[in-house]
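Participant: Sequence plus predicted model, see below.
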Amino acid sequence: MSQSADDEKTTRCPMLGHLVPFSYCRQCGDSLPCRKIMDCWSGRIDVQGFLDSTYTKEEISRIVSPPKAKLLQIVELARAARSRNYQ
């Protein structure tokens, strides 16, 4: 992943509860940025410009979409674990 000019800037992460650099927020999971990147960085840097120049429209849609319900995540993890145990 290429670097961003804003990688060293920091902001408080509402999920972790402490300061994190932009570089952390843009690589949180599934090689996509954190879903809250727009909330945390809007007004400080051109987040939309960064997303538009780095990701496809489909990827941006996945980034900003709300997370799955916790119960659904647990069920999916249980199914995946069960299928690994039966193989």
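Facilitator: Alright, I've got the coordinates.
Participant: what's the closest non-adjacent residue to Thr11?
Facilitator: Cys40 (5.3 Å; CB to CB, 6 or more residues apart in numbering). For the C-beta atoms, the positions are set from N, CA and C on the backbone; glycine is no exception.
Participant: Keeping just the C-alphas, turn the longest helix seen in the chain into CSV.
Facilitator: Longest helix of the chain, by residue count under DSSP state H: helix 70-85. Output of helix 70-85 as CSV, limited to C-alpha atoms (Å, rounded to 0.1, in the frame of the first residue of the first chain):
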residue,chain,number,x,y,z
LYS,A,70,-23.0,-8.7,16.3
LEU,A,71,-25.3,-11.8,16.5
LEU,A,72,-24.9,-12.4,12.8
GLN,A,73,-21.1,-12.0,13.1
ILE,A,74,-21.1,-14.6,15.8
VAL,A,75,-23.2,-17.0,13.9
GLU,A,76,-21.0,-16.7,10.8
LEU,A,77,-17.9,-17.3,12.9
ALA,A,78,-19.4,-20.4,14.4
ARG,A,79,-20.4,-21.8,11.0
ALA,A,80,-16.9,-21.1,9.7
ALA,A,81,-15.3,-22.9,12.7
ARG,A,82,-17.7,-25.8,12.4
SER,A,83,-16.9,-26.2,8.7
ARG,A,84,-13.2,-26.2,9.4
ASN,A,85,-13.6,-28.9,12.0
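Participant: And for that helix, what's in contact with it?
Facilitator: Pro67, Lys68 (CB atoms under 8 Å, 6 or more residues apart in numbering).
Participant: Where does the spatially closest residue to Ser42 that is not a sequence neighbour fall, secondary structure wise?
Facilitator: Counting by CB to CB, 6+ apart, Gln48 is the residue found nearest to Ser42 once chain neighbours are left out, at 7.8 Å. Using DSSP states H and E, Gln48 maps to helix 47-54.
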